[in-house]
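> requesting a structural model of the entry that follows:
(chains A and B)
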Amino acid sequence: MKVLVLAGGLSHERDVSLRSGRRVADALRGTGAQCDLRDADATLLEALPSYDGVLVMLHGGAGEDGSVREVLELSGIPYVGATPSACRLAWDKPNAKSASRRAGVSTPHSVVLPHAAFRELGAGALLASVVDHLGLPLMVKPARGGSALGATAVHDAADLPAAMVACYGYGEAALVEQLVVGTEVAVTVVDTGDGPRALPAVEVRPLSGVYDYAARYTAGSTEYFVPARLDASEAAAEAAVEVHRALGLRDLSRIDLIVTPDGVPHLLEANTAPGMTETSLVPMSVDAAGLTVGTLLCDLLELAAAR
Amino acid sequence: MSAYPPLPTGPGPAVERVEDAGPRRRDTRLDSYVDRYAARTHGMTASAIRALFSVANRPEVVSLAGGMPNIADLPLDVVGQTLHELVAGNGMRAMQYGSGQGEPMIREAICEVMRLEGINAHPDDVTVTVGSQQALDLVTRIFCDPGDVVLCEAPSYVGALGVFRSFQCDVAHVAMDDQGLDPVALRKAVTALRAAGRTVKFLYTIPNFHNPAGTSLSEPRRDEVLAICQEAGLLVLEDNPYGLLGFDGPPVRAIRARGGVDDVVYLGSFSKTFAPGLRVGWVLAPHAVREKLVLASEASVLCPPALNQMAVVEYLSTQDWQGQVRVFQELYRERRDAMLDALGQLMPAGTTWTHPTGGFYVWTTLPDGLDAKVMQPRAITARVAYVPGVGFYADGQGTRDLRLSYCFPEPDRIREGVRRLAGVVEQELELLQTFGPTAARRGAAQVQTPSPDTA
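Here you go, the predicted structure:
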């Protein structure tokens, strides 16, 4: 099978994507598959027909909002992962949260505010109203984004304006969410033909207390426990699978949750093109399940080709 | 983003435990050396700022971030022929270990090059290094103990700040204005630091077409600065990669040329006048210093590459290298003009910038209340890249500043880049209008080690 790994792109997460792409390409070649690594640029369309399958390792932007997959659908090349419409749903955190809540999965209370709302209605009163409604502490993050870029934890209302400004640097809409205290876990969900199932969850404990960009991509700055040291492992796994289903995801996803001390898992976000770098969470889960990234992706590629 | 985590102490659970039953258990920090690194690695973390530069490599983005000289006009076919002859005809020398101090012929050639800036030197006092970046590293290595203070301009070259930090020095920034380093501020700084019992090892200065500030130290101030340092018994480390790239006439005499033979250590480079890829720079130092530098260099690299040095000598002696430098001057002048014109026409009121008369950089200061680091992702979305100013200070200053390079893109692209940047600044001003001032006046220190193409 001749496989194309798409990595790089023009999003803020390009650097992470390039590393994910290289690791995945190596893993695939390790299984004997023929594999090329390309960027999503002007030369892509004419190169596509020569491949039997595509792995989208683009993070953010075109890779996760469905647009690249729309192109792949148009060209008729099989690819691993969610459909364009499922991507559009998952990439927009507010919509993903609503869909998950409807399916019975908890998610922290939140509001979504486009930049325009503040411009037109005035920031002071609006922010006060947000704090009244949601309380403190809060997590401010781009409604569409990844790698914790643009995300700030806010413990003091006076810090909220700066957090909003930092967030709007990454996109037009901000998601302001209650900052829930609990155990942060990432659950990898795979479906190799028999329905989605959860792999061992990864518990994430950043030393700084915040799982920001540096904590994610600097080896040594975060502790990981695989499987997560949770009594509520079952609940977390079930919630992740439920989210995967509710969003109409396919093949492989990573669902990020916070599990509160009462054992209830709360959805943070769903990822349709999860990172595969040296410090990423999916490879840890895959490894803990006794699988290898290379063979898992090969299986998923074959499934995709058979669709 | 939150501050980077402090380097942890004590044992960490970095051990993999594998059990037979059930899923493989793993408790890990993903770095089994996490508790064993030297204290000087504190702060070497993945950086979102640096990661955003990866987007700058895409052709859709106008990168005003890079410090890469424009080498497209070099006579590459001639250089290629030279390299071929060096290896095929003189391979036994070109491919062998050479002198730890550098080859004699290139040290002589370097003395001729330095004469253009008024410096009279002996080849014995020149040490060839792997780029002047290595020279910076070696000088710091032989002079600085942890806790020593190095005086730098405000702002200063990010590559130097990284070196000083890696040797656990403290940096004290001294103010500049449009004529360069402020001698009054310098004198005050030295006095205050010594009164506080600190050991000040040297003044690091970039007198010509400063990276990142674009300014040059005026003629009278060169004498003043030297006099102040001589009086204070303070070594001057003069870093001069851009001295021959002025647009308005011959080079201004170096500080080293003004009677400071024992008081000035001078760094030079062929990166901007010839080619950075060859990695050939040098340091001119008094003989006692030079002896230590050679020992330190040998301990680091054994010797600089013989082939590369021989290539530089061939180039200097057989090509009209000064004519090539004049070509570069015109090329960069045109680009500087494009940038300054575009800035003048397009940037919102309240933005200010320097007016370089050579070199590669315009240092831009945003209207009050804006933060160039916070603005950076918006700029990337708008497909323009720059280097936020905080990286050029060791003490958290520079939140309103950013460095724009004009050396690499064509004039049209420069204009387009400034147009995009102006749009981004407008949007940030809107946010300021909406949310009020939120930018940190002075954040935590943000020194990053630069990648080669953005240094």
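
> buried set for the longest strand belonging to chain B?
Scanning chain B for the longest strand, with DSSP state E as the assignment, gives strand B:170-177. Along strand B:170-177, these residues count as buried under the neighbour rule (16 or more other C-beta atoms under 10 Å in any protein chain shown): B:D170, B:V171, B:A172, B:H173, B:V174, B:M176. In this view, the C-beta of every residue, glycine as well, is placed from N, C-alpha and C.

> need those residues in JSON lines with distance to chain A, can you?
JSON lines is the format used below for these (distance: C-beta to the nearest C-beta, whole Å):
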{"residue": "B:D170", "distance to chain A": "23"}
{"residue": "B:V171", "distance to chain A": "22"}
{"residue": "B:A172", "distance to chain A": "27"}
{"residue": "B:H173", "distance to chain A": "25"}
{"residue": "B:V174", "distance to chain A": "30"}
{"residue": "B:M176", "distance to chain A": "29"}
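
> turn the residues you listed into CSV, including pLDDT.
What follows is the buried residues of strand B:170-177, written out as CSV (pLDDT from 0 to 100):
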residue, pLDDT
B:D170, 96
B:V171, 97
B:A172, 98
B:H173, 98
B:V174, 98
B:M176, 98
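
> and the longest strand of chain B, how far out from the chain middle?
Chain-centre distance of strand B:170-177: 15 Å, with C-alpha atoms, centre = their mean, to the nearest Å.

> need the residues that contact it.
Among residues not part of strand B:170-177, those counted as contacts by C-beta atoms under 8 Å, 6 or more residues apart in numbering or on different chains are B:147-156, B:161, B:164-165, B:181-182, B:185-186, B:189, B:193, B:198, B:200, B:203, B:210, B:213, B:215, B:393-395, B:397.

> on contacts alone, who are the packing partners of the very next helix or strand once past it?
Downstream of strand B:170-177, the next assigned helix or strand under DSSP states H and E is strand B:180-181. Packing partners of strand B:180-181 (3 or more C-beta pairs under 8 Å, 6 or more residues apart in numbering or on different chains; DSSP states H and E): helix B:219-232.

> before we move on, the earlier item: ChimeraX command to pick out the buried ones of the contacts of strand B:170-177?
Written as a ChimeraX command, the selection of buried residues from these, which uses 16+ other C-beta under 10 Å, is:
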select /B:148,149,150,151,152,153,154,155,156,161,164,165,181,182,185,186,189,193,200,203,210,213,215,393,394,395,397
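
> any chance of the buried residues of strand B:170-177 in JSON lines, plus distance to A:D159?
Converted to JSON lines, the buried residues of strand B:170-177 look like this (distance: C-beta to C-beta, whole Å):
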{"residue": "B:D170", "distance to A:D159": "29"}
{"residue": "B:V171", "distance to A:D159": "29"}
{"residue": "B:A172", "distance to A:D159": "30"}
{"residue": "B:H173", "distance to A:D159": "27"}
{"residue": "B:V174", "distance to A:D159": "33"}
{"residue": "B:M176", "distance to A:D159": "33"}
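
> mind listing what's buried in the lengthiest helix in chain A?
In chain A, assigned by DSSP state H, the helix with the most residues is helix A:14-30. When burial is assessed from 16+ other C-beta under 10 Å, helix A:14-30 yields the following buried residues: A:14-25, A:27-28.

> mind putting the residues you listed in JSON lines, distance to chain B and pLDDT included?
As requested, these are arranged in JSON lines below (distance: C-beta to the nearest C-beta, whole Å; pLDDT from 0 to 100):
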{"residue": "A:R14", "distance to chain B": "5", "pLDDT": "94"}
{"residue": "A:D15", "distance to chain B": "4", "pLDDT": "92"}
{"residue": "A:V16", "distance to chain B": "7", "pLDDT": "93"}
{"residue": "A:S17", "distance to chain B": "9", "pLDDT": "95"}
{"residue": "A:L18", "distance to chain B": "7", "pLDDT": "95"}
{"residue": "A:R19", "distance to chain B": "10", "pLDDT": "95"}
{"residue": "A:S20", "distance to chain B": "13", "pLDDT": "95"}
{"residue": "A:G21", "distance to chain B": "12", "pLDDT": "96"}
{"residue": "A:R22", "distance to chain B": "13", "pLDDT": "97"}
{"residue": "A:R23", "distance to chain B": "13", "pLDDT": "96"}
{"residue": "A:V24", "distance to chain B": "17", "pLDDT": "97"}
{"residue": "A:A25", "distance to chain B": "17", "pLDDT": "96"}
{"residue": "A:A27", "distance to chain B": "17", "pLDDT": "96"}
{"residue": "A:L28", "distance to chain B": "22", "pLDDT": "96"}
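
> okay, those residues in CSV with distance to A:Q178 next?
Rendered in CSV, the data for the buried residues of helix A:14-30 read as follows (distance: C-beta to C-beta, whole Å):
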residue, distance to A:Q178
A:R14, 31
A:D15, 31
A:V16, 27
A:S17, 30
A:L18, 34
A:R19, 32
A:S20, 30
A:G21, 35
A:R22, 37
A:R23, 35
A:V24, 35
A:A25, 40
A:A27, 38
A:L28, 41
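
> run through the helices of chain B in chain order.
Along chain B, counting by DSSP H, helices occupy B:48-56, B:76-94, B:104-115, B:131-143, B:158-166, B:183-195, B:219-232, B:287-301, B:306-318, B:321-346, B:372-381, B:411-435.

> dump the ones you listed to TSV, plus mean pLDDT and distance to B:R26.
Compiled in TSV, these are given as follows (pLDDT from 0 to 100; distance: least, C-beta to C-beta, whole Å):
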stretch	mean pLDDT	distance to B:R26
helix B:48-56	84	26
helix B:76-94	95	50
helix B:104-115	98	53
helix B:131-143	97	38
helix B:158-166	94	33
helix B:183-195	98	49
helix B:219-232	97	56
helix B:287-301	96	38
helix B:306-318	96	46
helix B:321-346	97	52
helix B:372-381	94	34
helix B:411-435	96	43
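
> any chance of those helices in JSON lines with distance to B:F247 as columns?
Compiled in JSON lines, these are given as follows (distance: least, C-beta to C-beta, whole Å):
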{"stretch": "helix B:48-56", "distance to B:F247": "26"}
{"stretch": "helix B:76-94", "distance to B:F247": "25"}
{"stretch": "helix B:104-115", "distance to B:F247": "19"}
{"stretch": "helix B:131-143", "distance to B:F247": "22"}
{"stretch": "helix B:158-166", "distance to B:F247": "24"}
{"stretch": "helix B:183-195", "distance to B:F247": "26"}
{"stretch": "helix B:219-232", "distance to B:F247": "17"}
{"stretch": "helix B:287-301", "distance to B:F247": "33"}
{"stretch": "helix B:306-318", "distance to B:F247": "22"}
{"stretch": "helix B:321-346", "distance to B:F247": "4"}
{"stretch": "helix B:372-381", "distance to B:F247": "26"}
{"stretch": "helix B:411-435", "distance to B:F247": "15"}
